[in-house]
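Participant: No letters, just coordinates:
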């Protein structure tokens, strides 16, 4: 890009430097994420080997991490259970069938009133036009 006729080579260089600066932490985060996922799937929380290096952690720290992980899983199970219960409550039909019958009756009454009002408006509009026709023909 050094042969750019507009002389704006700095933009791409800044982007490349930014990508290089961000690449290493992002890569490490992805590696850690996959390692955690693999541990949770296999249930292997013993010795961790990180890219050929043995970690420097005491036994107590490892136990604390395992305990926190178990507590987090228990909390997640409880949250999932609550979500399912809330979903069941939303999907369940209304509690009283009598209330459904009452709502249906009210709905029919409202529809009937709407039909009558439309019919009444049509009758009134036709009456007015008949009078106008009598005057016009007469």
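Facilitator: Received the coordinates, thanks. Fair warning: this is a prediction, and the values are worked out from it, not measured in the lab. Numbers count the residues shown, from 1 in each chain.

Participant: and this structure, what are its domains?
Facilitator: 1-44, 57-92, 97-138 (automatic domain parsing).

Participant: Mean neighbour count and mean pLDDT added to the ones you listed, as TSV?
Facilitator: All C-beta spots, glycine's among them, are computed from the backbone N, C-alpha and C. Shown next, in TSV, are these (neighbours: other CB atoms under 10 Å; pLDDT from 0 to 100):
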stretch	mean neighbour count	mean pLDDT
domain 1-44	10	75
domain 57-92	10	88
domain 97-138	10	75
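
Participant: how near is residue 98 to residue 104?
Facilitator: Taking CB to CB, to the nearest Å as the measure, residue 98 falls 11 Å from residue 104.

Participant: again with residue 121
Facilitator: With CB to CB as the criterion, residue 121 and residue 104 are 26 Å apart.

Participant: And residue 91, by the same measure?
Facilitator: 21 Å.

Participant: now swap in residue 44 and tell me
Facilitator: Taking CB to CB, one finds residue 44 at 59 Å from residue 104.

Participant: just residue 64 next, same as before
Facilitator: Look at residue 64 and residue 104: by CB to CB, they are 60 Å apart.

Participant: Check which helix or strand residue 100 maps to.
Facilitator: Assigned by DSSP states H and E, residue 100 belongs to helix 97-137.

Participant: Please state the offset of that helix from the chain centre?
Facilitator: Relative to the centre of its chain, helix 97-137 is centred 44 Å away, using CA atoms, centre = their mean, to the nearest Å.

Participant: swap in stretch 29-36?
Facilitator: Relative to its chain's centre, stretch 29-36 lies at 24 Å (CA atoms, centre = their mean).

Participant: No further queries at this time; thank you.
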